[in-house]
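*Asks:* no sequence on this one, just coordinates:
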């Protein structure tokens, strides 16, 4: 058996690699450096905006404070609609962080001239155009809704898998796997496709023809951030929902 496994490791099952990547090597560990760089840039922008908005808090908000309060109210409303009046407040930071990170990451791919910065290998791009980032965000969402359900219902949360009938258990388990898969691949596919289409058009046609597509891409990028945050809040609301009761108030 060991010999068979050893032979399989040498079979050329997937020799084709799409694109090149910039790695940082820490001993035997390879870290995806280009995504970390752009992710840190996005995080720095969000932290800077939050710091600027709270530097001099005024009773009548203006400027950056007014803008950030508008975003907070939007995220609070979104979370409340999906989770419900009773349980939504503790989840506003999580849903808000997801939305802001994805939104700023998506827009950075269109507005920041990443291609100007040259790397020894690969190139910089929006963090959400890499499957590693979107899978990580989807897994965080999965951990969040499992935590929400178990923290409220204990291990009795898993009893809901057998409702309304016991043969639903395997379907509920499959659903738990498909939720993060659909979240990650939807976001990754849309952002990567948008960057590839715009990049090809910029090379093939004059600048003014890709501009409308770039504007459309910004709109679609914002929609993708909204969809991801809405679905994440909805999954958490489903986990918190009592059997026979709606979590929307």
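*Replies:* Looks like it arrived, so ask away. As the structure is a computational prediction, the values presented were derived from the model and not from experiment.

*Asks:* is it fair to say residue 31 lies in a strand?
*Replies:* Yes. Counting by DSSP: H, G, I helix; E, B strand; the rest coil, residue 31 is located in a strand.

*Asks:* Please report the distance of it from residue 117.
*Replies:* Note on residue 31: its distance to residue 117, by Cβ to Cβ, to the nearest Å, is 18 Å. Where you see a C-beta, it was placed from the backbone N, CA and C, and this is true even at glycine.

*Asks:* go on, residue 33?
*Replies:* 12 Å.

*Asks:* These two: which is more packed in?
*Replies:* residue 33 (18 against 12; other Cβ atoms under 10 Å).

*Asks:* so what's the more buried one up against?
*Replies:* Contacts here follow Cβ atoms under 8 Å, 6 or more residues apart in numbering; on that basis residue 33 touches 22, 23, 24, 119.

*Asks:* Compare these and tell me which has the most neighbours.
*Replies:* Counting by other Cβ under 10 Å, top hit in these: residue 22 with 17 neighbours.

*Asks:* For this structure, just list every one of the helices.
*Replies:* Here the chain has its helices, by DSSP state H, at 2-8, 33-54, 63-83, 92-111, 131-153, 169-204, 210-240.

*Asks:* which stretch among the ones you listed comes nearest residue 161?
*Replies:* helix 169-204 (4.2 Å; Cβ to Cβ).

*Asks:* Give me the buried positions along the closest one.
*Replies:* Of all the residues in helix 169-204, those buried under the rule 16 or more other Cβ atoms under 10 Å are 179-180, 183-184, 186-188, 190-192, 194-195, 198, 201-202.
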